[in-house]
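1. Pasted the sequence and its predicted model underneath.
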Amino acid sequence: MASGRGRGSMSLGMKLIRFLIVLLNLAFIMVGLILLAIGVFVVRDPKMQQLRPLLNPDIAAQYSQGLSNIEIFAIGLIAVGGVLLLIGFLGCCGAIKGFRFLHLLYAAVVGLVILAEIAIVVIFFLYQSRFRTQLVAKLQDSIAVNYVGIPLNNKTVANSASLSWDFAQFNLQCCGAVNKNDFIRAGNWTRQNPYDTSKQLVVPFTCCPLNATKSWTQLPTNYSSATQCATTGETAYVQGCYDRLADILSSYKTGVIIGGVVVLVIEVLALVFAVLLYRRKEDEVYDTL
């Protein structure tokens with residue numbers, strides 16, 4: 001009998017590590033479930049459905065059934081959530097049942113996840129500027145090719161991309177991809193003014209302030225209050241929709257960074273504890289918690 005332990009017993013330090021790794025993996029399971037819920041919400045949210053053609057301009061005109069960028073993002077969240085659930089399950093099983101090979105498998109999975117997260121962050125910062133430039137250009141082309149105006153009195157048949165621009169501008173209070181000048185290139189827009197046929201529209205009605213409740217499922221039916229703005233462009237929204245959406249997402253940046261750091265710390269601790277448990281002495285047989 002060594003150091004006051006009988007065979008089949010476990011040192012106090014190892015029991016503490018074992019308890020901590022169970023707690024860490026319960027945290028993984030919770031985070032995984034949250035990410036799964038967010039992923040499903042993103043797929044089903046009416047706002048995301050309306051923004052779908054804008055977030056994937058390449059498929060908007062063809063009415064493609066392919067995945068949009070937002071759907072890929074949602075699937076990514078669901079995949080990450082599933083991986084975290086797997087990590088939590090493996091970690092808990094390894095800690096409770098004492099299967100050493102599960103500790104090794106667990107450490108390998110966590111290590112790969114950490115490396116993947118670091119790679120994603122590096123790629124994001126390296127290609128952020130290029131991504132913005134390319135996406136803005138595609139959004140401007142989307143307006144030039146696809147925008148046809150608001151469907152009023154059943155006289156205009158709007159495609160999905162055109163409707164998405166109106167929903168985005170109305171709800172986000174923005175105009176165009178960069179600014180209102182993007183609509184100069186809108187070659188398929190007739191610019192007809194249903195309230196005054198003698199004056200053509202310079203910007204869409206949705207680029208103007210409207211006395212209507214915001215909605216991602218239904219556009220207003222009366223735009224007469226925005227006629228002056230739409231025919232002159234003087235009081236149209238100044239900010240483009242890309243920058244407006246970027247500002248909204250930036251408001252969550254602090255929370256995302258804090259959450260990411262917390263998850264990374266948990267992952268590193270879980271990796272260290274898993275390695276310690278795997279490297280325990282062979283005569284330290286697990287007891288139940």
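-> Everything's here; your move. Bear in mind the structure is a predicted one, so any value in this text is a computation, not a measurement.
2. for the nearest residue to residue 224 once chain neighbours are set aside, what are its contacts?
-> Computed as Cβ to Cβ, 6 or more residues apart in numbering, the closest residue to residue 224 that is not its neighbour in sequence is residue 195, at 5.3 Å. All C-beta spots, glycine's among them, are computed from the backbone N, C-alpha and C. Applying Cβ atoms under 8 Å, 6 or more residues apart in numbering, we find residue 195 in contact with 223, 224, 227.
3. How about residue 210?
-> Residue 210 touches 170, 220, 223, 225, 226, counting by Cβ under 8 Å, 6+ apart.
4. same thing but at 6 Å, please
-> Under the criterion of Cβ atoms under 6 Å, 6 or more residues apart in numbering, the contact list for residue 210 reads 220, 226.
5. Now do the one helix or strand residue 126 maps to: which elements does it pack against?
-> Counting by DSSP states H and E, the element that carries residue 126 is helix 100-146. Using 3 or more Cβ pairs under 6 Å, 6 or more residues apart in numbering; DSSP states H and E, the elements in contact with helix 100-146 are helix 57-60, helix 69-97, helix 160-172, helix 253-278.
6. would you list these in CSV and tack on distance to residue 247, mean pLDDT and mean neighbour count?
-> What follows is the helices and strands packed on helix 100-146, written out as CSV (distance: least, Cβ to Cβ, whole Å; pLDDT from 0 to 100; neighbours: other Cβ atoms under 10 Å):
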stretch, distance to residue 247, mean pLDDT, mean neighbour count
helix 57-60, 20, 48, 20
helix 69-97, 18, 77, 19
helix 160-172, 9, 92, 23
helix 253-278, 10, 81, 15
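7. Phi, psi for residue 208 please.
-> Residue 208 adopts backbone torsions of phi -110, psi 150, taken as degrees, to the nearest 10.
8. mind checking the SS state of residue 217?
-> coil (DSSP: H, G, I helix; E, B strand; the rest coil).
9. Just give the number of residues close to it.
-> 9 (other Cβ atoms under 10 Å).
10. SS state for the closest residue to residue 237 other than its chain neighbours?
-> Distance criterion Cβ to Cβ, 6+ apart; nearest residue to residue 237, sequence neighbours excluded, is residue 175 at 4.2 Å. Secondary structure, three-state DSSP: residue 175 is coil.
11. pLDDT on the helix holding residue 126, on average?
-> Averaging pLDDT along helix 100-146 yields 84.
12. Then stretch 191-198?
-> 89.
13. what do you get for stretch 206-221?
-> Here the average pLDDT along stretch 206-221 is 91.
14. Could I get the CA-only coordinates of it as PDB?
-> Output of stretch 206-221 as PDB, limited to C-alpha atoms (Å, rounded to 0.1, in the frame of the first residue of the first chain):
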ATOM      1  CA  THR A 206     -37.800  51.700 -49.100                       C
ATOM      2  CA  CYS A 207     -34.700  53.900 -49.200                       C
ATOM      3  CA  CYS A 208     -36.800  56.600 -47.500                       C
ATOM      4  CA  PRO A 209     -38.200  57.000 -44.000                       C
ATOM      5  CA  LEU A 210     -41.700  55.500 -43.800                       C
ATOM      6  CA  ASN A 211     -44.400  55.700 -41.200                       C
ATOM      7  CA  ALA A 212     -44.900  52.000 -41.000                       C
ATOM      8  CA  THR A 213     -44.100  49.200 -38.600                       C
ATOM      9  CA  LYS A 214     -41.000  47.200 -39.500                       C
ATOM     10  CA  SER A 215     -41.700  43.700 -40.600                       C
ATOM     11  CA  TRP A 216     -39.600  41.000 -42.300                       C
ATOM     12  CA  THR A 217     -42.700  39.200 -43.600                       C
ATOM     13  CA  GLN A 218     -44.700  42.000 -45.200                       C
ATOM     14  CA  LEU A 219     -43.800  45.300 -46.900                       C
ATOM     15  CA  PRO A 220     -46.000  48.400 -46.500                       C
ATOM     16  CA  THR A 221     -48.800  48.900 -49.000                       C
END
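15. Quick check: buried residues in it?
-> Neighbour-count burial for stretch 206-221 flags 206, 207, 208, 210, 216, 219, 220 (criterion: 16 or more other Cβ atoms under 10 Å).
16. Give me the distance between that stretch and the centre of its chain.
-> 25 Å (Cα atoms, centre = their mean, to the nearest Å).
17. And stretch 129-143, by the same measure?
-> 18 Å.
18. ok, now stretch 178-193?
-> Counting by Cα atoms, centre = their mean, stretch 178-193 comes out at 29 Å from the chain centroid.
19. gap between the two ends of it?
-> For stretch 178-193, the first and last residues are 24 Å from each other (Cα to Cα, to the nearest Å).
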